[in-house]
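Asker: would you be able to build a 3D model of this:
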Amino acid sequence: MTCVEIAPSVAADLERFPWKNQYRLRAWTAKVDGKVIGIGGVQVMDNGTFVAFVDLTDEARCYPLSLHRTARRFMRELERSGIRRVVATADPAQPAAERWLERLGFVRTDVNGTIVYLWQV
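Answerer: Numbering: from 1, shown residues only. Next up, the predicted model:
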């Protein structure tokens, strides 16, 4: 059975995700046989807001338990590091996204007519 490896992201892991500013994020990368299959974490916006993100390949979705455990561990590390508030949105193309955010402790919130998910300590 193939095993997924999950570790803190390094610059080379982010090449597949050029829209990310690697100097203003904290993320973990999932790999199988050395190939990046997903990345998730938080990006710090210019206004200081922490925004959660996850970008998964179809292959990464074959490891839901590993990904969920990692996400929970990541959120605990954010809390320990002093981050008290994280914002996320749910991808409408992924029906399970809302449930997953809620299981991670995010609360659905309406901000000026836009649905966002807020995690706060």
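Asker: ok, now how distant is the most centrally placed residue in the chain from Arg26?
Answerer: Nearest residue to the geometric centre of the chain (CA atoms, centre = their mean): Gly40, 3.3 Å. Gly40 is 10 Å from Arg26, where distance means CB to CB, to the nearest Å. C-betas here are computed from N, CA, C, even on glycine.
Asker: other SSEs contacting the longest helix along the chain?
Answerer: For the chain, the longest helix by residue count, based on DSSP state H, is helix 64-80. Here helix 64-80 touches strand 25-32, strand 35-44, strand 50-56, helix 97-103, going by 3 or more CB pairs under 8 Å, 6 or more residues apart in numbering; DSSP states H and E.
Asker: mind pulling up the pLDDT for Gly82?
Answerer: Turning to Gly82, the model gives it a pLDDT of 94.
Asker: please confirm that it is located within a helix.
Answerer: No - read with DSSP: H, G, I helix; E, B strand; the rest coil, Gly82 is coil and lies in no helix.
Asker: that one: how many residues sit nearby?
Answerer: Other residues near Gly82 come to 7 when the count uses other CB atoms under 10 Å.
Asker: now do Thr70
Answerer: Thr70, neighbours per other CB under 10 Å, totals 18.
Asker: which ones are touching it?
Answerer: Ile6, Trp28, Ala30, Gly40 (CB atoms under 8 Å, 6 or more residues apart in numbering).
Asker: specify which member of those residues is nearest to Glu77.
Answerer: When the contacts of Thr70 are ranked by distance to Glu77 (CB to CB), Trp28 comes first, at 9.4 Å.
Asker: who are the contact partners of that closest one?
Answerer: Ile6, Ala7, Pro8, Ser9, Ile39, Gly40, Gly41, Thr70, Phe74.
Asker: that one bridge partners, please.
Answerer: Applying DSSP bridges to Trp28 gives these bridge partners: Pro8, Gly40.
Asker: can you check Thr109 too?
Answerer: Beta-bridge partners, per DSSP bridges, of Thr109: Val116.
Asker: wait, it sits on Trp119?
Answerer: No - the pair Thr109 / Trp119 is not scored as a contact, 10.4 Å apart, by CB atoms under 8 Å.
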